[in-house]
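**Q** Pasting the sequence and the predicted model now:
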Amino acid sequence: QVQLVESGGGLVQPGGSLRLSCAASGSISTIYTMGWYRQAPGNRRELVATITSGGSTNYADSVKGRFTISRDNAKNTVYLQMNSLKPEDTALYSCNCNLRGGSFNTYLAIWGQGTLVTVSS
């Protein structure tokens, strides 16, 4: 009954920008930390950035200064603004959301289906 829907991926040239969005919907009472993770072919999934309900953020060293995570609590949505993109940023980007909700109002950790970001000239 709870799902995440991501959007905003695509093909961009090195140095370009993209903005990812992830909206949570369904039976939700409280959303805690939201985050973005990525997995490149042949690599393990890695953390990109997280943001708490109070707005505290955490970034991977590889994206600090280039990516910005934000959230709109009224819309149950988290964003990832990606600037100065590099070919090594190419990956499947997935949204994660820790929340309380569902049929029994329990703690859930939900993943989106992922959106592909390709940085290439």
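**A** Received the coordinates, thanks.
**Q** Other residues contacting the strand or helix carrying Ser70?
**A** Per DSSP states H and E, Ser70 falls inside strand 67-72. Contact partners of strand 67-72, identified using CB atoms under 8 Å, 6 or more residues apart in numbering, comprise 34-36, 48-51, 55, 57, 59, 77-83. From N, CA and C alone the C-beta is placed, and that goes for glycine too.
**Q** repeat that for 7 Å
**A** Residues from elsewhere that reach strand 67-72, judged by CB atoms under 7 Å, 6 or more residues apart in numbering: 34, 36, 48-49, 51, 57, 59, 77-82.
**Q** Are any of those buried, and if so which?
**A** Buried members of the contacts of strand 67-72, counted by 16 or more other CB atoms under 10 Å: Met34, Trp36, Val48, Ala49, Ile51, Tyr59, Thr77, Val78, Tyr79, Leu80, Met82.
**Q** separation between the last one and Leu99?
**A** The reference is to Met82. Between Met82 and Leu99 the distance is 24 Å, computed by CB to CB, to the nearest Å.
**Q** returning to that earlier point: tell me which two in the buried ones among the contacts of strand 67-72 are the farthest apart.
**A** Across the buried ones among the contacts of strand 67-72, the longest distance by CB to CB is 18.9 Å; it joins Tyr59 and Thr77.
**Q** Name every strand pairing with the helix or strand containing Glu6 and say which way it goes.
**A** Per DSSP H and E: Glu6 is located in strand 2-7. Neighbouring strands of strand 2-7 in its sheet, by DSSP bridges, are strand 18-26 (antiparallel).
**Q** Other residues contacting the strand it pairs with?
**A** Contacts for strand 18-26 (CB under 7 Å, 6+ apart): 1-10, 12, 31, 36, 75-82, 85, 93, 95, 97, 99, 101, 112, 115, 117.
**Q** secondary structure class for the residue of the chain most remote from its centre?
**A** Here the centre of the chain is the reference, and by CA atoms, centre = their mean the most remote residue is Phe104, at 25.6 Å. Under DSSP: H, G, I helix; E, B strand; the rest coil, the three-state class of Phe104 is coil.
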